[in-house]
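> sharing a sequence plus its predicted fold:
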Amino acid sequence: MQKYLNTLNDNDFTIFKEIESLRDKIIQEDTNIEVLDYGAGDPDDNRSVQEMNQGVIKHVSTKDLCKIGLKNDFAHLLYAIVKKHQPLTVLELGTCCGFSSIYMSKALKDNGTIHTIEGSPQTAQIAQQNFKEAKSLNIKSYTGRFSDVLPSILPKIETIDFAFIDGHHDRDATLQYFKNIKPYLSEDAIVLFDDISWSKGMIEAWEIIKKDNFISSYKDYQKVGLCFMGNA
C-alpha cells in the first residue's frame with residue numbers, strides 16, 4: 001500500500017482537498033434523504049435474499065451517508081492505483097455519493113471512462129450533482145440493482161481494465177459479481193474489493209476470491225483486497 005502512496009505528489013493532495021470540499025459541503029448541509037438499500041445492511045442485520053432483492057427503505061442523514069466509502073489513505077490508494085495503471089475502462093459497483101468515482105476520474109488522463117452503478121435513486125442524484133461540480137465528465141452513472149444493470153452494460157463496455165467492487169457486501173452476491181465481470185476483464189485487469197473484513201461473509205468471499213485461478217496475484221490491505229489478473 002505504501003508503495004502506491006509514495007507515488008503521490010503535492011498536486012495530487014491539492015486535488016484531494018478539492019474533492020473533500022464537496023464532501024464537507026454535503027456534511028454541512030446535513031439533510032435527510034430516503035435511501036433504497038439493496039445491500040446487506042449492517043454486518044449484524046442478517047438480511048434475507050428476498051429483502052436484498054426488494055431493497056430496504058431507510059431514511060439517512062447525508063452527513064452519515066458521507067461517512068460511507070473510501071476516505072483518507074484508502075481513497076488515496078484508489079487514486080494512486082488508477083493514476084499508475086491508467087485503465088481505459090473502469091467499472092464501479094457502489095457509487096454512493098460519488099466521491100470514489102471522482103477520485104478515479106481525477107486520476108485518469110485523457111481516454112479513461114468510469115461506469116458506476118448505484119442502487120438508490122436519491123443517492124445517485126447526489127452523486128451526479130457531485131460529478132457536475134467536480135467537472136468529472138468521464139463518469140457514466142447508472143441507477144438500479146447491480147444484478148439488473150450489469151447484464152445490459154457489460155456487453156457495451158466489452159472490456160474492463162479496472163473494477164472497484166464496493167457495494168452489497170454479501171458473500172454470495174460479491175462472488176456472483178466477480179463471476180459476472182470475469183469474462184470482460186482485460187488480460188492485465190485489476191480488481192479492488194472494498195470491506196473484505198466487514199463481516200464473516202465478506203471474509204469468506206475474500207478467501208475464495210484470492211484463491212481463484214483467474215487471479216495471478218493479490219494484495220491484502222485488511223480493509224481492501226487488490227487482485228491482479230496479469231503481471232501489473
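Received, thanks. Residues are numbered from 1 along each chain as shown.
> Provide the contact partners of the lengthiest helix in the chain at residue level.
Identified as the longest helix of the chain according to DSSP state H is helix 10-29. Outside of helix 10-29, the residues within contact range by CB atoms under 8 Å, 6 or more residues apart in numbering are 62-63, 65-66, 75-76, 79-80, 83, 97, 99, 102-103, 106, 126, 130, 133-134. C-betas here are computed from N, CA, C, even on glycine.
> sitting in strands, which of those do you find?
Counting by DSSP state E, none of the members of the contacts of helix 10-29 fall within strands.
> any buried residues in the helix or strand containing Lys156, and which?
Applying DSSP states H and E as the criterion places Lys156 in helix 146-157. Within helix 146-157, the residues that qualify as buried are Phe146, Ser147, Val149, Leu150, Leu154, Ile157, counting by 16 or more other CB atoms under 10 Å.
> in a markdown table: the residues you listed, plus distance to Asp172.
Below are the buried residues of helix 146-157 laid out as a markdown table (distance: CB to CB, whole Å):
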| residue | distance to Asp172 |
| --- | --- |
| Phe146 | 13 |
| Ser147 | 11 |
| Val149 | 18 |
| Leu150 | 15 |
| Leu154 | 19 |
| Ile157 | 24 |
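> farthest-separated two in the residues you listed?
Ser147 and Ile157 (16.1 Å; CB to CB).
> what's the closest of the buried residues of helix 146-157 to Gln50?
The closest of these, once distances to Gln50 are taken by CB to CB, is Ser147, at 13.5 Å.
> distance of that closest one relative to Glu51?
14 Å (CB to CB, to the nearest Å).
> report the strands that pair with the longest strand along the chain, each with its relative direction.
Once the chain is assigned using DSSP E, the strand that runs over the most residues is strand 185-194. Strand 185-194 pairs in its sheet with strand 160-165 (parallel), strand 224-228 (antiparallel), by DSSP bridges.
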